[in-house]
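Enquirer: my questions concern the predicted model and sequence given below.
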Amino acid sequence: MSDNESASGKAPWITYRPELKVLDCTVRDGGLINDHQFTDEFVRAVYDTCLAAGIDSMEIGYKNSERLFPRDQFGAWRHCREEDMRRVVGDHDAERTGLKLVAMADAGKSDWQTTIIPAADSVLGMIRVAFYAHQVSEAVDMIQHASEQGYETMANLMAVSNITESEIDTVLEAIAPTPASTMVIVDSFGHLYREQIDGLYRKYSEAMAGTGKEIGMHAHNNMQLAFANTLEAIILGANRVDATMAGLGRGAGNCPMELLLGFLRNPKFKLRPIVRLLQEQLPEIRKTVEWGPLLPYNITGQLNLHPRAAIGWRSGETPDDFVAFYDRIVNEK
């Protein structure tokens, strides 16, 4: 096969698509492990790595309420005040750097009417609105507000494995006319298999047909399928995908960035900066927090349960008594 044939994507294993964009959510998702108590130095290291690796977007944290998440208990990255972000990234310019900074706002947990300021006054370029199916009305308002403030927006319907087909359809119908650029498949419980990803991708893409919206993928690793399911979504046509450095994230963690960029064939992505971050920063993080597809998270993933039970068990008095955890969780279900 010639180089031109390879570059054109004719071979089935070629995954290069210039329109496919990668979002790093290491600080935002990973911060759920430690109440977002990351040091400025760590956040800056992730930022510098995203720049050097050619990653398209970095989710630097949440835009959530300081009433619900007090600053004396939660780190700066739960709130993403402008002064905190600028302390780390300076006067960040997405056009100059090629990296868009992102924050997530949770429906029901964010004072979005007052804390999402005009984009012209912020280092952020995107707001991702995360919501459960019953919160879709507020999510639509949040997307509209953030868009009016000048931000790109994404819609993240959480825990999609735990709601009915009709609930999904209702959400998609509500999101379709909004200004959101992307509708994201979110496997919050790490429960989905390839066949379910296929079905959801078709459902999402059909519902968004004609709107110009992309389909995104955010996978959790309870059954060690986060990477595989992200690849499946890409193969189907998803052009917005999430990952974290070393899979850092609550419970079982997320799709590992180092695996994802190793799969993609876009020459703009550079793997070496990520390898360096994993070598220099992650060992220190692992001293204080735990993540990864341990057996309790496998069990909650298989049972389509939120990982909070497994997280609680791992912080209890008998974290390695997996049989006791299994018996308890099965009986409770």
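Expert: Received the coordinates, thanks. Numbering: from 1, shown residues only.
Enquirer: show me where the chain has strands.
Expert: Here the chain has its strands, by DSSP state E, at 21-24, 57-62, 100-106, 126-131, 152-157, 182-187, 214-219, 240-243.
Enquirer: can you redo those strands as TSV with mean neighbour count, mean pLDDT and distance to His36?
Expert: Using the backbone N, CA and C atoms, a C-beta is placed for each residue, glycine as well. Formatted as TSV, those follow (neighbours: other Cβ atoms under 10 Å; pLDDT from 0 to 100; distance: least, Cβ to Cβ, whole Å):
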stretch	mean neighbour count	mean pLDDT	distance to His36
strand 21-24	23	98	15
strand 57-62	26	98	6
strand 100-106	24	98	12
strand 126-131	27	98	15
strand 152-157	25	98	18
strand 182-187	26	98	19
strand 214-219	25	98	18
strand 240-243	27	98	17
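Enquirer: tell me which of those lies nearest to His306.
Expert: With Cβ to Cβ as the measure, strand 182-187 is the member of the strands of the chain nearest His306 (12.1 Å).
Enquirer: please name every helix or strand in contact with the closest one.
Expert: strand 152-157, helix 194-207, strand 214-219, helix 226-236, strand 240-243 (3 or more Cβ pairs under 8 Å, 6 or more residues apart in numbering; DSSP states H and E).
Enquirer: what helices or strands is the first one leaning on?
Expert: Using 3+ Cβ pairs under 8 Å, 6+ apart as the contact criterion, the secondary-structure elements in contact with strand 152-157 are strand 126-131, helix 136-148, helix 165-175, strand 182-187, strand 214-219.
Enquirer: what about the second one, average pLDDT?
Expert: Which is helix 136-148. Taken as a whole, helix 136-148 carries a mean pLDDT of 98.
Enquirer: distance between that helix and the chain's centre?
Expert: 19 Å (Cα atoms, centre = their mean, to the nearest Å).
Enquirer: ok, and what's touching that helix?
Expert: Outside helix 136-148, the residues within contact range by Cβ atoms under 8 Å, 6 or more residues apart in numbering are 105, 107-108, 110, 112-113, 116, 127, 129, 131, 153, 155, 157, 170-171, 174-175, 178-180.
Enquirer: extract the C-alpha set from it and format it as PDB.
Expert: Extracted in PDB, the C-alpha atoms of helix 136-148 (Å, rounded to 0.1, in the frame of the first residue of the first chain):
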ATOM      1  CA  VAL A 136     -33.100  18.500  31.000                       C
ATOM      2  CA  SER A 137     -35.200  21.700  31.200                       C
ATOM      3  CA  GLU A 138     -32.600  23.400  33.400                       C
ATOM      4  CA  ALA A 139     -29.900  22.000  31.100                       C
ATOM      5  CA  VAL A 140     -31.500  23.700  28.100                       C
ATOM      6  CA  ASP A 141     -31.600  27.000  29.900                       C
ATOM      7  CA  MET A 142     -28.000  26.600  30.900                       C
ATOM      8  CA  ILE A 143     -26.900  25.900  27.400                       C
ATOM      9  CA  GLN A 144     -28.800  28.900  26.100                       C
ATOM     10  CA  HIS A 145     -27.300  31.100  28.800                       C
ATOM     11  CA  ALA A 146     -23.700  30.000  28.200                       C
ATOM     12  CA  SER A 147     -24.100  30.300  24.500                       C
ATOM     13  CA  GLU A 148     -25.400  33.900  24.900                       C
END
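Enquirer: next, the angle from it to strand 152-157.
Expert: Calculated by axes from the mean of the first three to the mean of the last three Cα atoms, to 10 degrees, helix 136-148 forms an angle of 170 degrees with strand 152-157.
Enquirer: just the buried positions in helix 136-148, please.
Expert: Neighbour counts over helix 136-148 (16 or more other Cβ atoms under 10 Å) mark Val136, Glu138, Ala139, Val140, Met142, Ile143, His145, Ala146, Ser147 as buried.
Enquirer: thought Met158 was touching Ser188, still the case?
Expert: Yes. Contact criterion Cβ atoms under 8 Å: Ser188 and Met158 qualify, at 4.9 Å.
Enquirer: if we can go back for a sec, can you put the helices and strands packed on strand 182-187 in a markdown table and add distance to Pro319?
Expert: Below are these laid out as a markdown table (distance: least, Cβ to Cβ, whole Å):
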| stretch | distance to Pro319 |
| --- | --- |
| strand 152-157 | 30 |
| helix 194-207 | 30 |
| strand 214-219 | 25 |
| helix 226-236 | 22 |
| strand 240-243 | 27 |
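Enquirer: Trp291: which of the ones you listed is closest?
Expert: Using Cβ to Cβ, the nearest of the helices and strands packed on strand 182-187 to Trp291 is helix 226-236, at 11.8 Å.
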